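Colleague: this one's sequence-less:
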């Protein structure tokens, strides 16, 4: 019996996004789940680490592989609050991750704009779960930034 | 007067690729140059670090930003022995790097296959410099792997 729902895990990703928000980072959060257990949590840290590669997904992939002691995440699910960018989609390709759930779409810098086929053919993608909460967090962030 | 040539820097990248070869990693090497000085050197370490994101370019971008204390590499040049994959091209996009020189093309997993326009519009790309040396190293690696 599955106790935890997709909403539960996406909410965990949203909590990470809120940590990013508090740190003045663009609020994107991610968790990676294996056997219904969160094995990696990360939020965007590009400002703090002064590193454009420090997106939530990249940090989560590295942490999950470290936890598993294995490069490939075939039996894992990623929950992320924003559609991955091409860099992160490219990393997810290499990881051969099983499933991706992203909340809000990113019509400007999401991977669909670059090439909708760039993920691994084995990876299943689901979008829109808790999209409104993620979008609101993003709107609040950029509103605060302009003030 | 410019003392160091593009060949000099690509040869430095090739040296990095040879380190990867010796470590049993797919032999790709990269250096990042600022004001005609190498500020970052890296080679592919996906096996050693058990991390699909540990491509030479990603490690070099992180190291260069760390050296400069700045996220953007607008005044830098990347020399890399193989055409960047979509993950690395996506990272290079975010870095806004000034120029990219890659040696061998990667018709299977190079970013041109994904989307030739995925780099930053300000980034200039040059290919083919010392391509034969890089290709030979790759051929030697896969030949050794099969033996």
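Modeller: Thanks, I have the structure now. Only a predicted model underlies this, so the values are computations on that prediction, with no experimental measurement involved.
Colleague: Now residue A:37. Its backbone dihedrals?
Modeller: The phi and psi values for residue A:37, taken as degrees, to the nearest 10, are phi -130, psi 140.
Colleague: is chain B contacted by stretch A:9-23?
Modeller: No: figure legend: stretch A:9-23 not in contact with chain B (C-beta under 8 Å from any C-beta of the partner chain); closest approach 15.2 Å. C-betas here are computed from N, CA, C, even on glycine.
Colleague: same thing with stretch A:91-105?
Modeller: Yes: legend: contact between stretch A:91-105 and chain B by C-beta under 8 Å from any C-beta is shown at A:91, A:93-95.
Colleague: can you give me the end-to-end distance of that stretch?
Modeller: 18 Å (C-alpha to C-alpha, to the nearest Å).
Colleague: buried sites along stretch A:20-34?
Modeller: Buried positions in stretch A:20-34, judged by neighbour count with 16 or more other C-beta atoms under 10 Å in any protein chain shown: A:20-21, A:25-34.
Colleague: re the thing from before, need the residues of stretch A:91-105 next to chain B in CSV with secondary structure and neighbour count, can you?
Modeller: What follows is the residues of stretch A:91-105 next to chain B, written out as CSV (DSSP: H, G, I helix; E, B strand; the rest coil; neighbours: other C-beta atoms under 10 Å in any protein chain shown):
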residue, secondary structure, neighbour count
A:91, helix, 30
A:93, helix, 21
A:94, helix, 22
A:95, helix, 28
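Colleague: Let me know the closest of those to chain B.
Modeller: Taking C-beta to the nearest C-beta as the measure, chain B lies nearest residue A:94 of the residues of stretch A:91-105 next to chain B, at 3.7 Å.
Colleague: What backbone torsions are found at the most centrally placed residue in chain A?
Modeller: With distances taken as C-alpha atoms, centre = their mean, residue A:80 lies nearest the centre of chain A, 2.7 Å away. As for residue A:80, its main-chain torsions (degrees, to the nearest 10) stand at phi -140, psi 140.
Colleague: which residues does it contact?
Modeller: A:13, A:28-30, A:56-57, A:60, A:100-103 (C-beta atoms under 8 Å, 6 or more residues apart in numbering or on different chains).
Colleague: ok, and does stretch A:45-54 reach over to chain B?
Modeller: Yes: residues of stretch A:45-54 contacting chain B under C-beta under 8 Å from any C-beta: A:46-47, A:50-53.
Colleague: Do a quick rundown of the helices in chain A.
Modeller: Here chain A has its helices, by DSSP state H, at A:6-22, A:56-68, A:86-95, A:111-114, A:131-146.
Colleague: Provide the contact partners of the last one at residue level.
Modeller: Spelled out, it's helix A:131-146. By C-beta under 8 Å, 6+ apart, helix A:131-146 touches A:14, A:17-18, A:21, A:26-27, A:81-82, A:103-105.
Colleague: Pull the most distant pair out of the residues of stretch A:45-54 next to chain B.
Modeller: A:47 and A:53 (12.8 Å; C-beta to C-beta).
Colleague: Comparing these two, which shows the higher neighbour count?
Modeller: residue A:53 (26 against 14; other C-beta atoms under 10 Å in any protein chain shown).
Colleague: Now that we have the contacts of helix A:131-146, which of them are buried?
Modeller: Applying 16+ other C-beta under 10 Å to the contacts of helix A:131-146 flags A:14, A:17-18, A:21, A:26-27, A:81-82, A:103-105 as buried.
Colleague: still on that earlier bit, looking at the residues of stretch A:45-54 next to chain B, which is nearest chain B?
Modeller: Nearest to chain B among these, with distances taken as C-beta to the nearest C-beta, is residue A:52, at 3.7 Å.
Colleague: need the contact list for the closest residue to the closest one other than its chain neighbours.
Modeller: In this structure, residue A:52 finds its nearest non-sequential neighbour in residue B:94, 3.7 Å apart by C-beta to C-beta, 6 or more residues apart in numbering or on different chains. Going by C-beta under 8 Å, 6+ apart, residue B:94 touches A:46, A:52-53, A:85, A:87.
Colleague: How about residue A:17?
Modeller: Residues counted as contacts of residue A:17 (C-beta under 8 Å, 6+ apart) are A:27-29, A:43-44, A:56, A:81, A:134, A:137.
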